[in-house]
Structures are given as C-alpha cells and as structure tokens.
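Novice: Fold the following, please.
(2 chains)
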Amino acid sequence: MTVAGIDNDKAAVDAKPGAGGDSRSPARRAFDRFMRNKSAVAGLIIIALMTVTSIFVPILSPKDIQTVSWEYVLSPPSFETGYWFGTDVNGRDLFVRTFYAGRISLAIGLLATAIAFMIGVIYGSISGYFGGALDSFMMRVCDVLYALPTLFFIIILVTVLGAKNIFIVFMCIGAVEWLTMARIVRGQTLSVKQKEYVEAAKAIGLPTSKILARYIVPNVTSAVIVYVTLLIPVNILIESYLSFLGLGVQEPLTSWGLLISQGSVEMENAPWLLFFPALFLTVTLFAFNFIGDGLRDALDPKDR
Amino acid sequence: MLKLIARRLMVAIPTVFIIIVLSFLIIKMAPGGPFDAEAEIDPEILANLERAYYLDRPIWEQFWRYFTNLLQGDFGQSFVFRDRSVADIIIQGFPVSAQIGLWAIFIGAFGGIALGIIAALRKNSLVDYGVMTVAMTGIAVPTFVTAPTMALVFGLYLGLLPISGWGGGALANMILPIAALALPKIGVIARITRGGMLEVLRANYVRTARSKGLRESIVIWRHTLRAGLTPVVSYLGPAIAGVMTGSVVIEQIFGLPGIGRSFVEGAVNRDYPVVMGITILYATLIIIMNLIVDLSYRLLDPRVEMSK
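Specialist: Numbering: from 1, shown residues only, chains lettered A, B, ... in the order given. Down below sits the predicted model:
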C-alpha cells in the first residue's frame, strides 16, 4: 500500500497540485505528461507540418523539380524572381527541390525504421521466447554484428547491391539498424513470457507462432516505442550521409543529403544551396529528438 | 583481472574471424567484378587477370589464401591502383585518420565532461539550459553541415584556416576537421555526464557526505565524479567507433588522405581488397576499444561483477 501511496504522491505532484487521488489511466497520464512538454509538442507540430508540406508543395507548386531555366542559374533567393530559396547550377528551383527532398528523406527514415522494427521485434521475441541454446546463439550473432561499424556495414551492403534506387538504400539501412531493437525486445520477452496469460495460452495448446503473435509481440512493442522514435532521425541522418558520399539517393531523385552535398560544392558562390536543405534537415532531426525525449519522460516519469 | 582479459579475448578473436568471413562473403556475392570496365576486355585477358588474382579458384580456397595472408599482415593488392598494396594504403592513411580521431575524442571527452558537470551543478539554471541547447545542437546538426559551414566561415570569409588538404599534418589543416568531428561528441558526452552526475548527486552517500559538513568541492571531486562518470566511460567505446565512421565524411569534405576516404573510394570503385582491409581494421580496433573500455569500467565501478 505504501508503494501505491508514494506513486500517487508522485503523480499528484506531477499533475495539478492538490489533485488528490488521480483517476486517470496510466496511458492518459503519460499522454498528459507528453502534452505538457512544450518542446515535444513543438517537435510533433514541426514533423506534421514538414510531412504535409513535403507531400503537397511539390504537387501544388507551378515549378517542377527538374525544370531548368538558363536565365536564372545560381540566382540568389528573392521574392521578385519567384525563386524564394534561389536556384542551383542548372537553374532549378531550390524551394520545390527542398520540399521534394524532404519527401524522400522522411520516407527513407520511416521505412528504414519500420524494417528495423520488424526485424528487431521478430528476432528479439523469438530469441527471448525460446531461450536456451537458440537464445545464446542469436545474441552471439548480435554481438558480432555490433562490432561492425554501422555506416561501414551499410556502405558495403549498398555498394554490393548497387545502390541505384532508394528501395535498396532504405532496405540496407533497416537491415543493419535492428540490433538494439532486438536486444530490448528480447529483454522484455523474457519477462512477458513468465506472465500467467502466456501460460494459459500454452495450456490451451495454442501453437507457438500464435502465442508469439498474439501475446508476446503486442506486449513487448511498447518497450521499443521511444527507441523507434529516436531511430527515425538516426536513419534520416544515415541516408543523408550515404547521399552526401554519393552512395545513396541518385539524380534525378533528390534528398536533403544529396542537396547538401551539391550545396557544399557551390558554397563559395551560392551559400543558400547549402543553407536551406541543411536548415530543413537539422530542424527535422531536432524535432524527432524532442519527440523521443518527450516520449521517454512521459512513459518513464522518474525525473532525470 | 588477467583471467578476465583472457576470457574476453577468447570471445573477441572468434568475433574478428567471423567478421572477416562475413565481409569476404558479402563482397564475393556482389554482382559485377572489378574488371567490368567500360571497354570490353578480351576474354583471354580477363581469364589471365582472374588467374593472377586467384578469382578462378573455388571460394573457400580464395578465402583461405586471403586469411593466411592476412595473418602475415598482407591485405592483398588493390584492384584499382595496381602498384599499391592494401597494406600500403592503410599505412599511409591510418596515421592521418588516427590523429584526427584521437584529438577529436580527447577534446570531445574533456569538453563534454566539463560542460556536463557545470550543467549538473547548476541544474535548471540558465547555464544548464544554455549548455543543453548547445549540446543538442551539436548532436542534431550533422557533421556534413557543420564542416562545410565552418570551412565557409573560417576558411573563406575570415581566411584564417585552410579549407582542405592535409599540408603534411600542419596544425592549421587539422583544426577544422578535428573541430567538426569533436562537436557532436562534446554534445553527447555533456548530456551523458549531466545525467550521470544528477543521478549520483541524489544518492544517499552524497547527502551523507554533505551533512558531515564536507566542503562542496570535496563532495564533488571525491564522492560524485567517479560514480557520475561511469556512464561516460561506457559511452567512449561506441564513441571511438563513431569518430572513425564520422571521419569517413570529414576526410571527404576536407580532402584528407586518410583511410576513411580510401574506404569510400574503394566502395565506389568496387576495390574489394581495400574495402575489406579497412573494414577488418576498423572492426578489430572497435573490438579492442570496447575491451579496454569494458575493463576500465570495471575498475571504476567495483560493483560491476568482475567475473561476468
């Protein structure tokens, strides 16, 4: 009872002063805590805006990402010319290109994370659920892969598979970034599989695959939510590293990394080519990190 | 302690071996060989080339040849630069990468720890928020943005530092690359230090030390630092790995003749021996670094079980 009392005290301090007994559900309390975190909410709004604009700006804009205009080569940002972010060496409008690049960068970040999430959850839950020799073998494999520097591994994979399309780029990133996820899920599975409902499921003779899919996986995924949120910006960053080195997204497609790479070549004559894509990328990375931090604080209210 | 080192090595050596096998296989699976040039090569010449590099032998034989040579320090010949061995490329490039990387880690660790302690001691003050904002910026802004920006400002606008090249290892040429590499490390380490210090400052024994009437400086230096910094030590292993991979980009931007740049060039040109040699070198280094960090971690915090 004392433990519950302490818990309540904490929640009360955490919520409105003098709220007394808190009747909100844990999920609701976490949600409220998240919404009170200003930077996290700001991050959420920024990501929402970034997503909506990168989908619609290239559709609605009268200019195309490939339209070349020879009168406006490397023209600086200006409202009069209609090139708000200026133009690149080929006279292409940077405004449209930046939003279009956002589409690719965000998509690769999300898809790569989704792949890492799927591999990590499946691998981790199998390893944790079966335990024994299989578990130690699977974790040994993780340890070995951990020793490989991520970016190197991805570069090797991308080169070997011939990175001429974004599909291969995000598959490779996802195929490498699942290790930590698998470890978290495995740890969680070890505790979940001791629960009575899993035993009940075993007792009624449910096949293992169904126990995993219905009882283990849904109960371990919440543990990796924060990690997933923080992995998205990491993957966006990896994609930009690859594109920056010329190993990722290729023209005529473009991404923030590729724009930055082209911009850094021209930074002497046309610093805006570096500035705008870099600004967009950085703001996005910031926003995702704030959301991740906010989620962690909301789900795990031990004050840091 | 010796026993522990021995046991760790028993794990580390097979790990290195598996990495060698793995990278060998991945690269062998690659479509397109090093001799798929633009121009058609005469089949007879191609066969001769493949024989010269033992590419016509069964894969296990190729691997065994590679592995036994590796043990003797022979990483093979570069496919692209016919007159250079991979060992040559590494010997020339490694000192460059190592200098940049070690300086960056050194500055990142000291700068980060100092900022983190300051922030933790003035929790929730303006100083704290300031430090944490700077730290977050260091983390979120990627090096390929900070590096060209710094080159632009300090190199082109102010004309203080050279923006590219190695200059035979001149200090002026190293400042910008090191700064760009160290910046994110300062950010991460400051955050970890702050978190670790805050946790320890709340501990009962620190309260006891304060209530005994010890001076604040003694409480901090003698009682909190050691425990508060253990998370930083455990981060340094991955951080060293991070600096190594970060240097791939940095070397590209600043045109430094390090092995990071050789790696990217090798990857683009499908120069398998170069790519493999550098990967194996990096993986081995990372394993050794993690080993050292792991051992020093146990020395710092005796509660960590020594036998595990």
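Novice: In three-state terms, how would the closest residue to residue A:210 other than its chain neighbours be classified?
Specialist: Leaving aside its chain neighbours, residue A:210 sits nearest to residue A:201 (7.8 Å; criterion: C-beta to C-beta, 6 or more residues apart in numbering or on different chains). (C-beta placed from N, C-alpha, C; glycine too.) Reduced to three states with DSSP: H, G, I helix; E, B strand; the rest coil, the structure at residue A:201 is helix.
Novice: and what of the one 5 residues further on?
Specialist: In the three-state summary, residue A:206 is assigned as coil, counting by three-state DSSP.
Novice: Could you give the number of residues near it?
Specialist: Residues near residue A:206, counting by other C-beta atoms under 10 Å in any protein chain shown, number 16.
Novice: go on, residue B:102?
Specialist: Counted with other C-beta under 10 Å, residue B:102 comes out at 13.
Novice: Just the element for it, please.
Specialist: helix B:86-121 (DSSP states H and E).
Novice: Next secondary structure element downstream of that helix?
Specialist: helix B:126-140.
Novice: and the next helix or strand along the chain from that following helix, what does it pack onto?
Specialist: As assigned by DSSP H and E, the chain's next helix or strand after helix B:126-140 is helix B:143-150. Judged by 3 or more C-beta pairs under 8 Å, 6 or more residues apart in numbering or on different chains; DSSP states H and E, helix B:143-150 is in contact with helix A:225-244, helix A:256-265, helix A:272-299, helix B:171-201, helix B:230-254.
Novice: taking the mean pLDDT, what do you get for the second one?
Specialist: Regarding helix A:256-265, the rounded mean pLDDT is 85.
Novice: now that helix and helix B:230-254, what's the angle there?
Specialist: Put simply, helix A:256-265 runs at 50 degrees to helix B:230-254, going by axes from the mean of the first three to the mean of the last three C-alpha atoms, to 10 degrees.
Novice: does any bit of helix A:256-265 sit next to chain B?
Specialist: Yes. Against chain B, helix A:256-265 shows contacts by C-beta under 8 Å from any C-beta of the partner chain at A:257, A:260-261, A:263-264.
Novice: same check, this time on stretch A:130-137
Specialist: No. Using C-beta under 8 Å from any C-beta, stretch A:130-137 stays clear of chain B, with a minimum separation of 12.2 Å.
Novice: For that stretch, buried residues please.
Specialist: residue A:135 (16 or more other C-beta atoms under 10 Å in any protein chain shown).
Novice: distance between that stretch and the chain's centre?
Specialist: Centroid displacement of stretch A:130-137 relative to its chain, using C-alpha atoms, centre = their mean, to the nearest Å, is 30 Å.
Novice: which bits of the stretch 1-150 of chain A sit near chain B?
Specialist: So the stretch 1-150 of chain A meets chain B at A:143-144, A:147-150 (C-beta under 8 Å from any C-beta).
Novice: Among those, which ones are in helices?
Specialist: Counting by DSSP state H, the residues of the stretch 1-150 of chain A next to chain B place A:143-144, A:150 in helices.
Novice: which residue sits closest to residue A:198 in space, ignoring its chain neighbours?
Specialist: residue A:215 (5.3 Å).
Novice: residues near that neighbour, how many?
Specialist: 20.
Novice: Now it. Its backbone dihedrals?
Specialist: Note on residue A:215: its backbone torsions stand at phi -110, psi -40 [degrees, to the nearest 10].
Novice: again, but for residue B:83
Specialist: phi -90, psi 0.
Novice: residues in contact with it?
Specialist: By C-beta atoms under 8 Å, 6 or more residues apart in numbering or on different chains, no residues touch residue B:83.
Novice: Go again with 10 Å.
Specialist: residue B:77 (C-beta atoms under 10 Å, 6 or more residues apart in numbering or on different chains).
Novice: Over to residue B:280?
Specialist: By C-beta under 10 Å, 6+ apart, the neighbours of residue B:280 are A:148, B:16, B:19-20, B:23-24, B:70, B:75, B:86.
Novice: For stretch A:32-42, buried residues please.
Specialist: So for stretch A:32-42, counting by 16+ other C-beta under 10 Å, buried means A:33-34, A:37, A:40.
Novice: From chain B, how far out is residue A:200?
Specialist: According to C-beta to the nearest C-beta, to the nearest Å, residue A:200 and chain B sit 35 Å apart.
Novice: Let me know the pLDDT of that residue.
Specialist: For residue A:200, pLDDT reads 90.
Novice: That one: neighbouring residues, count only.
Specialist: Every residue meeting other C-beta under 10 Å relative to residue A:200 is counted, giving 11.
Novice: Touching, the residue nearest to residue A:198 and residue A:207? I think so.
Specialist: No. In this structure, residue A:215 is not within contact of residue A:207 by C-beta atoms under 10 Å, at 12.0 Å.
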